[in-house]
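A.B. asks: Fold the following, please.
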Amino acid sequence: MSEAQPSRSTGKIVGWVLSGLLTAFMLFSSVGKFSTFEGKAEMFEKLGWSEAVMFNIGIVEVIIAVMFLIPRTAFIGAILITAYLGGAIATHVRISDSFIFPIIIGVNYWVALGLRDQRIFTLAFGLPKGK
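C.D. replies: Below is the predicted model:
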């Protein structure tokens, strides 16, 4: 293996670090849905959601973030995160707000999972195993 090409274990480590950072972000995001702060009701109202609905969305956010970290459920977790972020994109498009950030987060989730498990890249891009 050449020095310029990272080993599979390096990619796996990077994938796990990225997975941890993304999950930390999702958990941090859910804290705002569970806590009380000034302007919370107005912010959620602008998005078109009530505080009660956002609390439930926070629960879903925590569950799918944890599912993504568990190797056996990571693939379905990534699918559910993609669906969740699709809802976030739709919400932001509806109010004419920027929607690029959820797209970037979603792509990073799949990259992180692909680095953790090469079968993802093989499935997505038809790459031969071991490449």
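A.B. asks: how far away is residue 66 from residue 42?
C.D. replies: 30 Å (Cβ to Cβ, to the nearest Å). In this view, the C-beta of every residue, glycine as well, is placed from N, C-alpha and C.
A.B. asks: which stretches of the protein have low pLDDT?
C.D. replies: Within the chain, the ranges that satisfy pLDDT under 70 run 1-7, 127-131.
A.B. asks: for this protein, what spans make up the helices?
C.D. replies: Counting by DSSP state H, the chain has helices at residues 8-34, 40-47, 51-69, 74-94, 100-116, 119-125.
A.B. asks: Looking at residue 66 and residue 42, which is more packed in?
C.D. replies: Of the pair residue 66 and residue 42, residue 66 is the one with more neighbours under other Cβ atoms under 10 Å, namely 14 against 9.
A.B. asks: That one against residue 20, yeah?
C.D. replies: No: the pair residue 66 and residue 20 does not pass the contact test of Cβ atoms under 8 Å, sitting 11.9 Å apart.
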